[in-house]
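[1] Got a predicted model here, sequence first, then my questions.
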Amino acid sequence: MDTELSESPYDFDAHPFALSPKSRRLQRDFFIFEFDPEDIPGLMIAGLNQRITRASLSQVKRWLEILFPLTKRPNYDLAPITLNRVGLFSYEKERTENTSILTDPNQVIQAGYYGLIVANGCRSRVTHFRQGTYPKDTYAQREQRMKDLPDEYEADTIMRATKQNELYDEDINIRECIPARDEQFCLITGMPLNPDDVGVSWIVPPGFINQEEYAPLFQYRYNTASSRIPANCITMHKALVKPFFQNSFGIDVADGFRIVVFEDLGKASTLLSGSNMRATKLEEAINRGDEGYPNVDFVNGHFRHCLRSIFLGGEITQEEEYNASECRAIVEQAEGVKWNPSDPFWQTFEGREAKAVMNRRRVTD
C-alpha cells in the first residue's frame, strides 16, 4: 500500500507524495488533509512530528479551532485516509477501508495520514481552511529572512526590527530585574537556576509584534516600543532561549499551561523531556495579576505563532519552488527509456519526484 510508513518516516521515499521543505525539516510523520466526500481536491492543512509532540485528538482539534474559529461550525472529525501518488506533486485521497473516525480525545494520535471530515456526513466546506489564517515563518526564520534578503526590506525596517528585538531597556536593566522578579527560577521548567544558567527572553519579539494577528496584541501593533515591557519578558534556562525564539516549543495556556514541544531541541531536550509537562511557575507568575509580571496575552500570542509556523501548512504546491514543467518533460521523455542514474538531475528534489512518478507508472502499467 502506498501509505505504509517506513521506519524513517522523514525519508524522501517513505511517503506517497513529495514532502515540502517544512515537513522534511520537522521530520513529520503525522499529516492532516482537507477531505471532501465530493472529491474536491484538498490540501495538506497541518502536520506534526508525533515522535516528539505526541499530541492527542483533543489537542489537535482545539489547535485547529484556535487557528480556524469557523471549524467550530460545523464540527469536524479526524479519520484515517489512504493517499496514492498520481502525478508530479499530486496525489489522490480516499477513506481507508475498515477504519473509523478517531474518538478517544486523550489518546495520542498514531503517525499516518488523516482527513478532516465534517461530522454527521455533511458536505465539507473546505473554504473554512483557506480563509484568514496562513502559515508563517518562525520568529527566527523571519529575522534570518530579513538579513538574507535585504533587497526585499527597507534598511530602516531591518534596523528597527533588529533593534526592537534586542534585550535592553533604557530605563531598567532587563537582564537583572527580570530574573530578580522571577526569583531566579526558570518559569518554563519551574526549576531554580544557577547564575550561569539564567536566560531572559521576550515572549513575543517586539520587532515583529506589528505583524501579529492575535487580537489581544493589536494594541501594540502601531507602537512596537510599547511591548518592550516586563510583562513581555520571561526568565528561563539559557539553553531554552533559542528554541523558544524558534517557536520549537510553546505554552498552551488553555490546556493547563502544558508545555508543547514541536521539534527536536538538541541539547536542551533534556530540560523538557518529561511527560505531561506544565509551566506551573509561569502560571503562578501570571496569576499574580501584577502588570510587572508576564501577561497571558503574550504567552497566548507566542503559542498561536508556534501553531502557525510549525503545526500549520506544509503543502508542497504552496511552499516549494519547483520546476514542474521540467519534471513533466523529463517524465515524458524518459518513459520506457532506461534512465541514467549518474545524471545529477535525479539527485535533485525535482528529479527524485519525477523518478517516483515514473516508478509508480511502471508498476501500475
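    Received the coordinates, thanks. Residues are numbered from 1 along each chain as shown.
[2] Show me the shaky parts of this structure.
    The model of the chain has pLDDT under 70 over residues 1-13, 36-42, 70-74, 119-133, 149-161, 169-171, 275, 319-323, 333-339, 361-365.
[3] Domain-wise, how is it divided?
    Split into domains by automatic domain parsing, the chain comes to 12-133, 139-311, 324-364.
[4] now the longest one: how far from the chain's centre is it?
    It stands for domain 139-311. 16 Å (Cα atoms, centre = their mean, to the nearest Å).
[5] Tell me the secondary structure of Asn359, please.
    Assigned by DSSP: H, G, I helix; E, B strand; the rest coil, the conformation of Asn359 is helix.
[6] what's the burial count for it?
    The tally of other residues near Asn359 (other Cβ atoms under 10 Å) stands at 12. Backbone N, C-alpha and C define where each C-beta goes, glycine included.
[7] next one: Lys147
    10.
[8] Show me what the helix or strand where it lies is packed up against.
    Using DSSP states H and E, Lys147 sits within helix 139-148. Secondary-structure packing of helix 139-148 (3 or more Cβ pairs under 8 Å, 6 or more residues apart in numbering; DSSP states H and E): helix 155-165, helix 238-245.
[9] can you pull out the helices in this protein?
    Counting by DSSP state H, residue ranges of the helices within the chain are 21-26, 57-67, 139-148, 155-165, 174-181, 238-245, 280-287, 296-306, 316-319, 324-334, 349-364.
[10] in the fifth one, what counts as buried?
    Of the residues in helix 174-181, those buried by neighbour count under the rule 16 or more other Cβ atoms under 10 Å are 174, 177-179, 181.
[11] Make TSV out of the residues you listed and add distance to Gln164.
    What follows is the buried residues of helix 174-181, written out as TSV (distance: Cβ to Cβ, whole Å):
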residue	distance to Gln164
Ile174	13
Cys177	19
Ile178	17
Pro179	21
Arg181	21
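[12] quick one, which of the domains of the chain is nearest to Gln318?
    In terms of Cβ to Cβ, the element of these nearest to Gln318 is domain 12-133, at 7.0 Å.
[13] Number of residues surrounding the closest residue to Glu353 other than its chain neighbours?
    Among residues not flanking Glu353 along the chain, Ala18 sits closest, at 4.8 Å (Cβ to Cβ, 6 or more residues apart in numbering). Close neighbours of Ala18, defined as other Cβ under 10 Å, add up to 23.
[14] Make residue 1 into 35 and carry on from there
    In the new count, where the first residue is 35, that last one comes out as Ala52.
[15] Now Ala52. Its backbone dihedrals?
    phi -80, psi 120 (degrees, to the nearest 10).
[16] sorry, back to before: now the angle from the helix holding Lys181 to helix 272-279?
    70 degrees (axes from the mean of the first three to the mean of the last three Cα atoms, to 10 degrees).
[17] which of the residues in helix 173-182 are buried?
    Those would be 173-174, 176-177, 180, for helix 173-182 by 16+ other Cβ under 10 Å.
[18] and which of those residues is nearest to Asn266?
    Nearest to Asn266 out of the buried residues of helix 173-182 is Tyr173 (Cβ to Cβ; 13.0 Å).
[19] Wait, the closest one touches Gln280, no?
    Yes. Judged on Cβ atoms under 8 Å, Tyr173 makes contact with Gln280 at a distance of 7.1 Å.
[20] Out of the buried residues of helix 173-182, the closest to Pro250 would be?
    If you rank the buried residues of helix 173-182 by distance to Pro250 using Cβ to Cβ, Tyr173 comes first, at 18.0 Å.
[21] Export stretch 53-61 to CSV, keeping only CA atoms.
    Taking Å, rounded to 0.1, in the frame of the first residue of the first chain, the C-alpha atoms of stretch 53-61 are listed here in CSV:
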residue,chain,number,x,y,z
LEU,A,53,7.4,16.3,1.3
SER,A,54,7.8,20.1,1.5
PRO,A,55,11.0,21.6,3.0
LYS,A,56,8.9,22.3,6.1
SER,A,57,7.8,18.7,6.5
ARG,A,58,11.3,17.4,5.9
ARG,A,59,12.9,19.8,8.3
LEU,A,60,10.4,18.9,11.1
GLN,A,61,10.6,15.2,10.2
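[22] Flag every buried residue along that stretch.
    Result for stretch 53-61 [16+ other Cβ under 10 Å]: buried residues 53-54, 56-58, 60-61.
[23] cool, stretch 326-342 as well?
    Buried residues in stretch 326-342, defined by neighbour count with 16+ other Cβ under 10 Å: 327-342.
[24] neighbouring contacts of that stretch?
    For stretch 326-342, contacts defined as Cβ atoms under 8 Å, 6 or more residues apart in numbering pick out 97, 100-101, 167-170, 172-173, 215, 221, 237-238, 246, 248, 250-251, 261, 264-268, 278, 281, 283-287, 294, 296, 316, 319-320.
[25] Give me the buried entries from those residues.
    Among these, the ones that count as buried by 16+ other Cβ under 10 Å are 97, 100-101, 167, 169-170, 172-173, 215, 221, 237-238, 246, 248, 251, 261, 264-268, 278, 281, 283-287, 294, 296, 316, 319-320.
[26] Just give me the neighbour total for Thr351.
    Using other Cβ under 10 Å, Thr351 has 13 neighbouring residues.
[27] Ignore what I typed, I meant Glu247.
    15.
[28] again, but for Arg85
    Every residue meeting other Cβ under 10 Å relative to Arg85 is counted, giving 14.
[29] for the one 4 residues further on, same thing?
    Here the count is done by other Cβ under 10 Å, and Ala89 has 20 residues near it.
[30] Does it touch Ile143 like I think?
    Yes. Applying Cβ under 8 Å, one finds Ala89 in contact with Ile143, separated by 6.3 Å.
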